[in-house]
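> sequence and predicted structure below; questions after.
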Amino acid sequence: MDGDVDDHLRSIEGDIRKVMEMKERTKLLLIAGVFLAAYYIPWDHALIRQSGLEAFMMLREYAREHVLTCLIPAFFIAGAIAVFVSQGAILKYFGSQASKILSYSVASVSGSILAVCSCTVLPLFAGIYTRGAGIGPATAFLYSGPAINILAITLTAKVLGWQMGLARAIGAVVFAVITGLLMALIFRKDDAARTTGQIYVPDADDGKRTLLQDGMYLLIMVLILIFAAFARPASDATGLWPMIFAYKWYITVVLLSILALMLKAWFTRDECVNWIDSTWGFMKQIFPLLIGGVLVAGFMLGRPGHQALIPEHYVQSLLGGNSLWANLFASVAGALMYFATLTEIPILQGLIGSGMGKGPALALLLAGPALSLPNMLVIGSVMGVRKTATFCSIIVIMSTIAGLIYGSFAG
Amino acid sequence: MEIKVLGPGCARCQQTEKIVREAVAETGVEAQIEKITDTMKIAGYGVFGTPAVVVDGEVKSVGKIPDKEEIKAWLEP
């Protein structure tokens, strides 16, 4: 008996040592890389200086224009959704008994509610695929999960214009449904091979508020976001928009007071603490990545109208205009690249500033966040190479088409 | 007793594992704790949401970090 335990311990020690050794080697490579970069990069070269300046100018632009009015309210909304919207109530539409139409509709929009973190998306996808509603709703959810979360859509609309935000939101929902239906159609035979068995969904909280109250609460926060982030209308505009713009801070303050009253009347102290906790969790997780993304995008591409490391004519020749080639290149590149949450936005801003067309930009937004090489590998381990390849091809082809269509309107 | 913590390795899953270990240590129950990160194995338990805790084959919690008191109640024979 003792021998067994000893063996067990020894094997654990071995595992730990292996992991540590890996880490030491990675650390060494990392330090060597930084050293070589510090040694050889011509830091005093005019282009490098200009690029470094651009990186921080772009960071300042985000800090001044987007953080307070857009990101912070959006984080609070994401936090509220994560805490107050009952996952159990939504997940029951993914069971094997659920109606197909409901499954698809819920799958295509639930990304905005369920998935702000990839650690929910993949297990849930595997669950729906193997035990629940099958490959169609599972792939619809897999696509929509990261593609339409509320943070991504708001920041896209704020930074790249509301047209792009709207096109991204609509594109993501439509794509989710079409991808799901196509996958279900192509692989309809093996859907029968699904295993059945007990499924466990997260406990539904016993609601202390009515659906109307929860809805109003989220609506007020969305309104706060819209008014706080309200863009200055063109100087020659007349009518409603300039008026709203002139009063936007008054409107925002009124909305904030309504929110405060709602919180006092409908929510317990514990719930508010949970809400703040989960908002803080998102901020902690996402802000460092976003800062990194903005710095890299600024260094490589610069703000619109400013030159940085990558010459603009490269971007223009690969991604400019609205050709089939430019759209296809953008969607394939987007599908392979890994974008940490939200970082696709500064990168696209830099690319558009350097001459990328609007069509290819949308193609990259639609193919990018949902797919990446690392997550293809995980998806592959769940549903096999053939289905994963089909899934990725469908998304790349549709993104290219959507880019072509959007580009012909937006120019 | 056999306890499995299911989760692909996100912060919430690690926190769950930590709390489970603490609860086991505090009650002094003899239990093997295993962390399961493989997506297909997680799906095999039928859980639609992580982190999840499975005690002796029975799914005890899904999609949340359980409190320590709750875990101690599962550990009682």
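Everything's here; your move.

> residues from chain B in reach of chain A?
When proximity is defined by Cβ under 8 Å from any Cβ of the partner chain, chain B lies next to chain A at B:6-13, B:39-40, B:42-50, B:52, B:59, B:61-64. (Each C-beta comes from the backbone N, C-alpha and C, glycine too.)

> can you show me the helices along chain B?
For chain B, the helices defined by DSSP state H cover B:11-27, B:39-44, B:68-75.

> ranking those by burial, who's on top?
Across these, averaging neighbours per residue (mean count of other Cβ atoms under 10 Å in any protein chain shown) puts helix B:39-44 on top, at a mean of 20.

> average model confidence for that one?
Averaged across helix B:39-44, the pLDDT comes to 81.

> one step back: and the helices of chain B, which one's lowest on average pLDDT?
Across the helices of chain B, helix B:39-44 has the smallest mean pLDDT, namely a mean of 81.

> around A:Phe56, how many other residues sit close by?
A:Phe56: 13 surrounding residues under other Cβ atoms under 10 Å in any protein chain shown.

> from the contact counts, what lies against the helix or strand harbouring it?
Here A:Phe56 is covered by helix A:46-61, with elements defined by DSSP states H and E. On a contact count with 3 or more Cβ pairs under 8 Å, 6 or more residues apart in numbering or on different chains; DSSP states H and E, helix A:46-61 meets helix A:269-301, helix A:344-353.

> ok so, going back, which one of the helices of chain B lies nearest to A:Ile170?
Closest to A:Ile170 of the helices of chain B is helix B:39-44 (Cβ to Cβ; 30.0 Å).

> the closest one: how far from the chain's middle?
Here helix B:39-44 shows a centroid-to-chain-centroid distance of 14 Å under the convention Cα atoms, centre = their mean, to the nearest Å.

> ditto for stretch A:167-177
13 Å.

> now that stretch: buried residues?
For stretch A:167-177, burial by neighbour count (16 or more other Cβ atoms under 10 Å in any protein chain shown) applies to A:Ala167, A:Arg168, A:Ala169, A:Gly171, A:Ala172, A:Val173, A:Phe175, A:Ala176, A:Val177.

> try stretch A:307-320
A:Ala308, A:Leu309, A:Ile310, A:Glu312, A:Val315, A:Leu318, A:Leu319, A:Gly320.

> which pair in those residues spans the largest distance?
Farthest pair in these (Cβ to Cβ) is A:Leu309 and A:Gly320. Separation: 18.1 Å.

> contact partners of whichever strand or helix holds A:Val106?
Per DSSP H and E, A:Val106 falls inside helix A:100-114. For helix A:100-114, the external contacting residues (Cβ atoms under 8 Å, 6 or more residues apart in numbering or on different chains) are A:81, A:85, A:87, A:90, A:93-94, A:120, A:124, A:128, A:133, A:136-138, A:140-141, A:144-150, A:153, A:172-174, A:176-177, A:180-181.

> and those residues, which are buried?
Looking at these with 16+ other Cβ under 10 Å, the buried ones turn out to be A:81, A:85, A:87, A:90, A:93-94, A:120, A:124, A:128, A:133, A:136-138, A:140-141, A:144-150, A:153, A:172-173, A:176-177, A:180-181.

> number of residues surrounding the residue in the stretch 301-411 of chain A positioned nearest to chain B?
Relative to chain B, the nearest point of the stretch 301-411 of chain A is A:Val382 (5.7 Å; Cβ to the nearest Cβ). By other Cβ under 10 Å, the residues close to A:Val382 number 21.

> host element of A:Leu309?
Assigned by DSSP H and E, A:Leu309 falls outside every helix and strand.

> once you drop chain neighbours, what's closest to it?
Leaving aside its sequence neighbours, A:Leu309 sits nearest to A:Ser51 (Cβ to Cβ, 6 or more residues apart in numbering or on different chains; 4.4 Å).

> now that neighbour: how far from B:Val53?
Distance, A:Ser51 to B:Val53, by Cβ to Cβ, to the nearest Å: 49 Å.

> looking at those two, which is more packed in?
Taking other Cβ under 10 Å, A:Ser51 and B:Val53 do not tie; B:Val53 has more neighbours (26 against 20).

> low-confidence ranges in the stretch 101-250 of chain A?
Within the stretch 101-250 of chain A, the stretches with pLDDT under 70 are A:112-120, A:190-198, A:202-208, A:234, A:237-238.

> which residues in it form helices?
Using DSSP state H, counting those that start in this stretch, the helices of the stretch 101-250 of chain A run over residues A:118-130, A:135-147, A:150-160, A:162-186, A:211-228, A:240-266.

> make sure the residue of the stretch 301-411 of chain A closest to chain B is indeed in a helix.
Yes - counting by DSSP: H, G, I helix; E, B strand; the rest coil, A:Val382 is found in a helix.

> wait, it sits on B:Thr39?
Yes - shown here, A:Val382 and B:Thr39 form a contact pair, counting by Cβ atoms under 8 Å, at 5.7 Å.

> what sits in contact with each of these two?
A:Leu122, A:Ala126.
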